[in-house]
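J.: need a 3D model of the sequence below.
(chains A and B)
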Number of protein chains: 2
Amino acid sequence: MASTILKRTSCSAMKSMAGGLRIGATPFRAFAAKVEAGTDIVAAAPDVSLQKARSWDDGVASKFSTTPLKDIFRDRRVVIFGLPGAYTGVCSQQHVPSYKNNIDKFRDEKVDSVICVAVNDPYVLNAWAEKLEAKDAIEFYGDFDGSFHKSLGLEKDLSAALLGPRSHRWSAFVVDGKVKVLNVEENPSDFKVSSAEHILKQI
Amino acid sequence: MASTILKRTSCSAMKSMAGGLRIGATPFRAFAAKVEAGTDIVAAAPDVSLQKARSWDDGVASKFSTTPLKDIFRDRRVVIFGLPGAYTGVCSQQHVPSYKNNIDKFRDEKVDSVICVAVNDPYVLNAWAEKLEAKDAIEFYGDFDGSFHKSLGLEKDLSAALLGPRSHRWSAFVVDGKVKVLNVEENPSDFKVSSAEHILKQI
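T.: Next up is the predicted model:
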């Protein structure tokens, strides 16, 4: 019960912190996003790479390597979801478990990778993924400078929640780099169209 | 032994990622920093506030409140140290324990607050502080948009380490807002002049 109240408080606060701004977004029809069904996500974000979540020591050992988008998306069936940030509480903690708990269903659908991406550095994201015990099921990638989300038009200023430039909450099904389905929540506090359960019906 | 190697690797990698740029900095003589001994830190960063580290739920409950610098520094003896970021591994994990392990000595010197500040959001910083079991000894504040460090000239681009705009590694002793001592490491990977042991000799 207390948990329910907390969820509601948390979500409504994030909604009100968004200053009442509600941007319409439905599956297959992204509002201001540059990406939509049919977009080649690799071509839409040229020269952009993501950073595989890892410990600082692994980052050092890898010489701070990054992963080009083509290595993530080419010749693969990928489900990817984005969220405002690691450690942002109840709303985002629903998001990762939703995908973690449905991982076998994605595998049944021959999805090669289920990916979580956030505007965080890869070390913070790694610590959070470990805390959520989700690293075995989901691949986590940082977008530390937000360039991936900016390229797709999915960036969002969340300074009012003390987060700075982050992203919308969203999900997509991407085959060989082509976006087949895109879901963007109206507000980052919402957790409806970006859930695992929702996208599983769209694959 | 392995741990020693790791420390060396980690530090030298952060040094090399700084591109060989070495900027001279000694106590009482900050290189390009706008702040120096004698500076009123509150006046130097007008309209800047920090964000007390807390869980997302506590952030929501506080309506994402922030803390003005005057509430942190006025009429108080404060030791403050800054570092490149939460979860950045061995180098920064030495930094927080250094202050945590010496907290009684700071209290003996009538220091009212020992503060850790970093260009991170307050929720990430809170999770990291809890992991380090340092919250009882040290107050943690986020500078999520880097405005505090920019005002003091202590910002540093650490994109090469996949971190983005962060800060130098530094420490200061501040009495009633006035900087009495400022120590800035030549490179963020260094851990010499910004240690608790070093500043304890300067108070």
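
J.: C-alpha from now on. contacts and neighbour counts both.
T.: Noted.

J.: which SS state does the residue most central in space within chain A fall under?
T.: Closest residue to the average C-alpha location of chain A: A:Gly82 at 1.1 Å, with CA atoms, centre = their mean. The three-state assignment at A:Gly82 reads strand, by DSSP: H, G, I helix; E, B strand; the rest coil.

J.: what bridges to it?
T.: Judged by DSSP bridges, the bridge partners of A:Gly82 are A:Val117, A:Trp170.

J.: okay, A:Leu50: pLDDT?
T.: For A:Leu50, the pLDDT comes out at 98.

J.: need the contact partners of the helix or strand encompassing it.
T.: Element membership of A:Leu50 [criterion: DSSP states H and E] is strand A:49-52. Contact with strand A:49-52 is made by A:65-69, A:121-122, A:139-144, A:148, B:162, as judged by CA atoms under 8 Å, 6 or more residues apart in numbering or on different chains.

J.: which of those count as buried?
T.: A:65-66, A:69, A:121-122, A:139-144, A:148, B:162 (16 or more other CA atoms under 10 Å in any protein chain shown).

J.: pipe these into a markdown table and attach pLDDT, secondary structure and distance to A:Val181 per row.
T.: Formatted as a markdown table, those follow (pLDDT from 0 to 100; DSSP: H, G, I helix; E, B strand; the rest coil; distance: CA to CA, whole Å):
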| residue | pLDDT | secondary structure | distance to A:Val181 |
| --- | --- | --- | --- |
| A:Ser65 | 98 | coil | 29 |
| A:Thr66 | 98 | coil | 26 |
| A:Leu69 | 97 | helix | 18 |
| A:Asp121 | 98 | coil | 27 |
| A:Pro122 | 98 | helix | 26 |
| A:Glu139 | 98 | strand | 19 |
| A:Phe140 | 98 | strand | 20 |
| A:Tyr141 | 98 | strand | 20 |
| A:Gly142 | 98 | strand | 22 |
| A:Asp143 | 98 | coil | 21 |
| A:Phe144 | 98 | coil | 25 |
| A:Phe148 | 97 | helix | 18 |
| B:Leu162 | 98 | coil | 30 |
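
J.: what residues of stretch A:194-203 count as buried?
T.: Buried residues in stretch A:194-203, defined by neighbour count with 16+ other CA under 10 Å: A:194-196, A:199.

J.: quick one: least confident helix or strand in chain A?
T.: Counting by mean pLDDT, DSSP states H and E, chain A has its least confident helix or strand at helix A:2-17, which shows a mean of 38.

J.: OK, contacts around A:Gly82?
T.: Contacts of A:Gly82 by CA under 8 Å, 6+ apart are A:116-118, A:167-171.

J.: coming back round to it: just curious, which of the buried ones among the contacts of strand A:49-52 is nearest to A:Asn183?
T.: A:Phe148 (16.5 Å; CA to CA).

J.: pretty sure the closest one contacts A:Val48?
T.: Yes. If you go by CA atoms under 8 Å, A:Phe148 and A:Val48 touch, sitting 6.1 Å apart.

J.: returning to that earlier point: ok, then the element right after the strand holding A:Leu50?
T.: helix A:56-61.

J.: that next one packs against which elements?
T.: Using 3 or more CA pairs under 8 Å, 6 or more residues apart in numbering or on different chains; DSSP states H and E, the elements in contact with helix A:56-61 are helix B:2-17.

J.: now A:Val184: closest residue in space, sequence neighbours ignored.
T.: A:Trp170 (4.3 Å; CA to CA, 6 or more residues apart in numbering or on different chains).

J.: no, scratch that, I was asking about A:Asp145
T.: B:Gly164 (6.2 Å).

J.: do you know the pLDDT at the one you found?
T.: B:Gly164 is given a pLDDT of 98.

J.: please apply the same query to the one 3 residues further on.
T.: On the pLDDT scale, B:Ser167 is placed at 96.

J.: if I look at it, how far off is B:Ile138?
T.: Counting by CA to CA, to the nearest Å, the gap from B:Ser167 to B:Ile138 is 19 Å.

J.: could you check which of the two has the larger neighbour count?
T.: Neighbour totals were compared for B:Ser167 and B:Ile138, and B:Ser167 leads with 25 against 20 (other CA atoms under 10 Å in any protein chain shown).

J.: pretty sure that one contacts B:Pro84?
T.: Yes. Under the criterion of CA under 8 Å, B:Ser167 makes contact with B:Pro84 at 5.2 Å.

J.: spit out the residues that contact those two alike.
T.: Both B:Ser167 and B:Pro84 are contacted by B:118-119, under the criterion CA under 8 Å, 6+ apart.

J.: number of nearby residues for A:Ala127?
T.: The burial count for A:Ala127: 24, using other CA under 10 Å.

J.: ok, now A:Asn126?
T.: A:Asn126 sits with 25 neighbouring residues when counted by other CA under 10 Å.

J.: as TSV, the buried residues of stretch A:194-203 with distance to A:Gln94 and pLDDT would be great.
T.: Shown next, in TSV, are the buried residues of stretch A:194-203 (distance: CA to CA, whole Å; pLDDT from 0 to 100):
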residue	distance to A:Gln94	pLDDT
A:Ser194	11	95
A:Ser195	9	95
A:Ala196	10	96
A:Ile199	15	98
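
J.: from those, which are also near chain B?
T.: Checked against chain B using CA under 8 Å from any CA of the partner chain, the buried residues of stretch A:194-203 yield no neighbours at all.
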